[in-house]
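[1] here is my input; please provide its structure:
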Amino acid sequence: MIVIVDYDAGNLKSVQRACKKVGMTALISDDPEKVSRADKVIFPGVGSAESAMVTLKDKGLDTALNEVAQKGRPVLGICLGLQILLDHTEEGNKDCLGLVGGASERFRFSVGDIKVPHIGWNAISLVGSHPMVENIMSGDQFYFVHSYRAKLVDEKEVIATTEYGDSSFCSILGKDNLFATQFHAEKSGKLGLKIMKAFSDWSP
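    Just a heads-up that it's a prediction; the model follows:
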């Protein structure tokens, strides 16, 4: 059973449609018991990390996600889902799930009039290897919408980076059974579907 986590923070139907396109049957659920029993979990999200963490805790989904991670089952984080895997977010000065060492901080630029949020298509540069990116190349473009960037403690967990303004940020992370993209795979056309298909086949 593949479960898409519903915590009132996302375009869940878009993720579910992307799953269907690559042959995955995925259930949308906010039931922590179903999440903790899932064979694979997709953890998408848009919006505020602060309010998302409140909802996750209120519904008991934070505990369920920790259980899934500890059991070694594959987890795919998308956008806000990536940031919440970290220890902390600058947004609301909030502790997050703590499954990956690091924190998310708001974009800050030293030159130019750079718009925040970062919205639109941008390229990735692969800096690490991972089974989930075997069919992805440096220079491939994906769709981003975010105001915060992830800074990881362990650089070996950074699989790809992306440039925006004079900033370079982690656009893909990978740690054990956790894989996450700052971009929206479900909105990134054929390349995004390659990520979704890779997740359907991935057995860490």
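[2] go through the longest helix seen in the chain and flag the buried ones.
    Ranked by residue count under DSSP state H, the longest helix found in the chain is helix 189-201. Using 16 or more other C-beta atoms under 10 Å as the test for burial, helix 189-201 gives 191-200. For every residue, glycine as well, the C-beta is placed using N, CA and C.
[3] remind me what the host helix or strand of residue 58 packs against, helices and strands.
    Using DSSP states H and E, residue 58 maps to helix 49-59. In terms of contacts (3 or more C-beta pairs under 8 Å, 6 or more residues apart in numbering; DSSP states H and E), helix 49-59 is packed against helix 61-70, helix 80-84, strand 86-89, strand 94-95.
[4] neighbouring contacts of the second one?
    I take that to be helix 80-84. 5, 9-10, 42-47, 49, 52-53, 56, 77, 89, 96-97, 104, 146, 148, 150, 173, 180-182 (C-beta atoms under 8 Å, 6 or more residues apart in numbering).
[5] from the buried residues of helix 189-201, pick the one nearest residue 158.
    residue 195 (16.3 Å; C-beta to C-beta).
[6] identify the residue spatially nearest to the closest one, adjacent ones excluded.
    residue 185 (4.2 Å; C-beta to C-beta, 6 or more residues apart in numbering).
[7] again with residue 37
    In space, residue 37 is closest to residue 1, 7.0 Å off (C-beta to C-beta, 6+ apart).
[8] near residue 40, how many other residues are there?
    20 (other C-beta atoms under 10 Å).
[9] which pLDDT does the model give it?
    You'll see residue 40 listed with a pLDDT of 98.
[10] what's the answer for residue 110, then?
    Reported pLDDT for residue 110: 83.
[11] part of a helix, is it?
    No - counting by DSSP: H, G, I helix; E, B strand; the rest coil, one finds residue 110 to be coil, located in no helix.
[12] and it, how many residues sit next to it?
    Using other C-beta under 10 Å: residue 110 sits among 8 other residues.
[13] swap in residue 132?
    Neighbours of residue 132 (other C-beta under 10 Å): 23.
[14] A helix includes it, no?
    Yes - the assignment for residue 132 (three-state DSSP) places it in a helix.
[15] ok, now which ones touch it?
    159, 174, 179, 195, 198-199, 202.
[16] likewise residue 204?
    Applying C-beta under 8 Å, 6+ apart, the residues near residue 204 are 72, 74, 176-177.
[17] give me that answer again for 6 Å
    74, 177 (C-beta atoms under 6 Å, 6 or more residues apart in numbering).
[18] correct me, but residue 122 touches residue 161?
    No - checked against C-beta atoms under 6 Å, the pair residue 122 and residue 161 is beyond contact range at 10.7 Å.
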